[in-house]
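*Asks:* Pasting a predicted model and its sequence here:
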Amino acid sequence: MSRRPRLADRRRAGKRTRGQGLVEFALFVPLFLLLLFTMLDFGFAMYTKLTVDYATREGARVGAALAAGGGAIPCAQVDNHVIAAVQRVLESAGISVPLNNSGNNTKSGVNWIRIYKATNNADGSGYLTANNYNEWTYSAGNGPTVDGSPLNFVAGTQSWSACAPRLNGVNPDKIGVAVDYSYAWTTPLLGALKLVVPSGSFFNNLRFVDKTVMNLNPTFP
């Protein structure tokens, strides 16, 4: 019996197997890359969120300590130092995140920072209440000067002045600092997807608000 048909059959089977492997590989690679880039981008987004969260804590800590001002820092300059504390964290070497999205919340950057009178420690509410917050927005080098350097944020709506004053006696006011931040996907695949999918969909950007609330430090006799 001739072995040629059997050899030919094996060769054809081997070609079919290789062809099937190439098809499976071509189908698998895009899915794998999508998963990989999604994991990387979510890691970057979480890093950004943690940095912003840390910045709000620093701002609230400074605002709670200064309360209504006094001594070398008058009440009118309290919020300047709060914003300076937030900016220092956002721009710190090693943990910096983009500040300027040119007013476009589909790009990475700060949409606004609000210093507000908090109504609840647990959920940090109050930053959306009209006539209850002081809002600051990005403007490179155009803010007030703190410690010899101009801030990159300027004051807009100002409804809760430290000169009102902010109360830090027996029943102290609660100061909140909130940062509204937009994070745009940065890895190549997700960055390309946000250009072709409908506006407002998952791939366009992430927008989140981090906030911290603290009681104003009490004054002592």
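*Replies:* Received the coordinates, thanks. Numbers count the residues shown, from 1 in each chain.
*Asks:* Okay, now the unreliable bits of this protein?
*Replies:* Along the chain, segments meeting pLDDT under 70 span 1-25, 121-122, 188-204, 219-221.
*Asks:* show me where it has helices.
*Replies:* In the chain, helices defined by DSSP state H lie at 4-66, 78-90, 188-196, listed in chain order.
*Asks:* give me every residue that touches Ala85.
*Replies:* Ala85 makes contact with 55, 58-59, 61-62 under the criterion C-beta atoms under 8 Å, 6 or more residues apart in numbering. (Each C-beta comes from the backbone N, C-alpha and C, glycine too.)
*Asks:* let's see 7 Å
*Replies:* 58-59, 62 (C-beta atoms under 7 Å, 6 or more residues apart in numbering).
*Asks:* now, which of these sits nearest Thr137?
*Replies:* Gly59 (15.0 Å; C-beta to C-beta).
*Asks:* Verify the stated contact: the closest one with Val82.
*Replies:* Yes - taking contacts as C-beta atoms under 7 Å, Gly59 lies within contact range of Val82: 4.8 Å.
*Asks:* Between those two, which is the more surrounded one?
*Replies:* With neighbours defined as other C-beta atoms under 10 Å, Gly59 and Val82 compare such that Gly59 has more, 30 against 27.
*Asks:* Kindly provide the distance from Arg88 to Asn100.
*Replies:* 16 Å (C-beta to C-beta, to the nearest Å).
*Asks:* One more: Ala76?
*Replies:* 26 Å.
*Asks:* ok, now Thr51?
*Replies:* According to C-beta to C-beta, Thr51 stands 15 Å off from Asn100.
*Asks:* The two - which one has more neighbours?
*Replies:* Thr51 (18 against 14).
*Asks:* From Thr187, how far out is Thr157?
*Replies:* 36 Å.
*Asks:* These two: who's more crowded?
*Replies:* Thr187 (19 against 15).
*Asks:* Report the contact partners of the more buried one.
*Replies:* Thr187 makes contact with 37, 40-41 under the criterion C-beta under 7 Å, 6+ apart.
*Asks:* Generate a ChimeraX selection restricted to the buried subset of those.
*Replies:* Buried members of the contacts of Thr187, defined by 16 or more other C-beta atoms under 10 Å, are picked up in ChimeraX with:
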select :37,41
